[in-house]
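Novice: Give me a model of this one.
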Amino acid sequence: MVRLTQILLRFLPLTALLLSACATTPPGERAPVIDAGSPAGSGTDGSVPASPRSAGQAPTNVEVIPLERAAPPAGSPAVASLLGQAEAASRARDWSAAAVSLERGLRIEPRNPVLWNRLAEVRLQQGQFRQAEQLAAKSNSLAGDDRLLQTRNWRLIARARRQLGDEAGAAEAERRAEAFR
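Specialist: Predicted structure coming up:
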């Protein structure tokens, strides 16, 4: 009983946030769309460095691909609010805050492929390339017939593989992305 009380108290701030988001978002409103903005790093062409990086080393110039307006809306106002927070954090290049918001959204809607895609993008920006690849694959498994999202996921997988030095795997992922166009 004590353990249950500790768990409930731990999630009390999250519950308050979710309830306030539900109270302030009008019913039927579409979820905010995450647009992470221009490419990260100092390069102007959005290119990806050719050298592989370790999982703990953050990339200096990984292209951010904005989420298109055709993305499906979040199923709940709370998730829409969390997506909005993640969008703001992404624009500020605060990848840790974006990840926290997306992870909270996934606790609410664990089968939301857009949340998995956005978390994969954040992990790519954080230099966690293997995890980015795995999260994009998870998004693909939940994407159903959303060809646009599957294309985005395969391109993200290609970028992660390229960062890991797997050019053959990256080329295969690019071919898979093209198959959805």
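Novice: all strands of the chain, in order?
Specialist: Here the chain has no strands by DSSP state E.
Novice: Now do the helices in it.
Specialist: With DSSP state H as the criterion, the chain has helices at 2-10, 12-24, 77-91, 95-108, 113-125, 129-142, 147-163, 167-179.
Novice: And those, which one averages the lowest pLDDT?
Specialist: Among the helices of the chain, helix 12-24 has the lowest mean pLDDT, at a mean of 40.
Novice: picking that back up, most packed of the helices of the chain?
Specialist: Neighbour counts (mean count of other Cβ atoms under 10 Å) averaged over each of these peak at helix 113-125, with a mean of 27. Any C-beta I mention is one placed from the backbone N, CA and C, and that applies to glycine too.
Novice: by contact count, what packs against that helix?
Specialist: helix 77-91, helix 95-108, helix 129-142, helix 147-163 (3 or more Cβ pairs under 8 Å, 6 or more residues apart in numbering; DSSP states H and E).
Novice: Next, format those helices as CSV and append distance to R175.
Specialist: CSV is the format used below for those (distance: least, Cβ to Cβ, whole Å):
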stretch, distance to R175
helix 77-91, 28
helix 95-108, 28
helix 129-142, 15
helix 147-163, 9
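Novice: Which of those helices sits closest to V122?
Specialist: Smallest distance to V122 across these (Cβ to Cβ): 4.9 Å, for helix 95-108.
Novice: Nearest residue to G144 in space, please, no chain neighbours.
Specialist: P113 (7.6 Å; Cβ to Cβ, 6 or more residues apart in numbering).
Novice: if I look at the one you found, how far off is R162?
Specialist: Per Cβ to Cβ, to the nearest Å, P113 is found 23 Å from R162.
Novice: what do you get for A173?
Specialist: In terms of Cβ to Cβ, A173 sits 9 Å off from R162.
Novice: cool, and P110?
Specialist: 29 Å.
Novice: swap in A78?
Specialist: 35 Å.
Novice: now N117
Specialist: 18 Å.
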